[in-house]
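1. sequence? don't have it. structure:
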C-alpha cells in the first residue's frame, strides 16, 4: 500500500513535465528537449547525492547501471520526439502498454510474475488506452489500432513503451543491488553529463537556446527531479509491472493537460478511457497489497 502514493506522485510529475516541456520547449529538437530538464535538475540531484551513503556495490549493479544508460536514453529521446510533433492525447495513451510488455521482462530479469488480479488490472489499464483512441466521428473496432499508423507520435510512443519495459526492470535490478536514492541520483547525473558531452560534441545541442528561458527550465528540472525521486521509492516497494501501471496514470493527467493547454479534440472520449485506467489502477492497488 505504501508504494501507491509515490507512484501517483510520479504520474503527476511525469505528465506535468511532458506538458510543460511541450508548451515551452517544442522549438528545440528532441535531444535538447530531453537534456534540458536533466541539466536544470542537475544541481538538485548532486545536492541529494551528497547526503546519500554509498552502499555496497557488486557486478550486477555495475552491469545494470551500464545497461540502463542506453535503455533510458533512446526511449526518452524518442518520447520527446513523439510529444513534440503529435497531440499529448494521441501519444501518451500508448504508454499504457508498457505494463503488458513488462510481464515477460519482469519475469525474465526479476523473477516477478503478477497474479491473476494484477493481470486483470493491467488489462483494464490497456483497455482504457484503447478507448482513449476511439474517434466518435469515424469509429470502428480496429480504428484505435489503425491510429498508431496514422499518427507518427503514436507508433513512436508504442516503441517507447516496449523499450521502457526493459529499462524499468533493469533499473529496479540496479536499485536492488544498491539503494534507491544512490542509483536514482547517480544514474541521472551520469546520464545528464554523458549526453551533454556526446551530443554537444556532435553539434546536436545548443546550450544558448536551452538557457534562453531559465525560469521555465528550472520548473522543468524540478518536475524531473520529483519524477526521479518518487519513481525510485515506488518501484523498490512493489512489483515493477504494478508500479509502472500506476505510473501510467500520467496518461489521465496528460489528456486533461491536452484539452486544457493545447485544446486537443475528442477529449471527452479520451477522458472516458482514462477513467477506465483509474479503475484498472484500483485493481492493481488491491492486487499489490
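-> Yep, it's here. As the structure is a prediction and not an experimental result, all values here were calculated from the model. Residues are numbered from 1 along each chain as shown.
2. low-scoring stretches of the stretch 101-250 of the chain, by residue?
-> Counting by pLDDT under 70, the low-confidence segments of the stretch 101-250 of the chain come to 133, 136, 138-140, 143-145, 147-148.
3. that one: helices as residue ranges?
-> Under the criterion DSSP state H, counting those that start in this stretch, the stretch 101-250 of the chain carries helices at the ranges 116-132, 143-150, 152-176, 180-201, 207-210, 214-236, 240-247, 250-261.
4. so which of those helices is nearest residue 74?
-> Taking C-beta to C-beta as the measure, those were each checked against residue 74, and helix 152-176 came out nearest at 6.3 Å. Using the backbone N, CA and C atoms, a C-beta is placed for each residue, glycine as well.
5. now for the closest one, which elements pack on it?
-> helix 59-85, helix 88-91, helix 98-110, helix 143-150, helix 180-201, helix 214-236, helix 240-247 (3 or more C-beta pairs under 8 Å, 6 or more residues apart in numbering; DSSP states H and E).
6. buried ones in it, by neighbour count?
-> Buried residues in helix 152-176, counted by 16 or more other C-beta atoms under 10 Å: 153-158, 160-175.
7. now swap in stretch 267-286 and tell me
-> Within stretch 267-286, the residues that count as buried by 16+ other C-beta under 10 Å are 267, 269-271, 273-274, 276-277, 280-281, 283-285.
8. need those residues in a markdown table (columns: pLDDT).
-> Listed next are the buried residues of stretch 267-286 as a markdown table, based on pLDDT from 0 to 100:
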| residue | pLDDT |
| --- | --- |
| 267 | 79 |
| 269 | 80 |
| 270 | 76 |
| 271 | 80 |
| 273 | 79 |
| 274 | 76 |
| 276 | 85 |
| 277 | 77 |
| 280 | 80 |
| 281 | 73 |
| 283 | 82 |
| 284 | 76 |
| 285 | 65 |
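9. TSV for those, including distance to residue 191?
-> Supplementary listing: those in TSV, determined by distance: C-beta to C-beta, whole Å:
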residue	distance to residue 191
267	34
269	37
270	32
271	34
273	32
274	30
276	34
277	29
280	31
281	28
283	34
284	28
285	31
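10. in strands, which of the residues you listed fall?
-> Using DSSP state E to define strands, no part of the buried residues of stretch 267-286 is located there.
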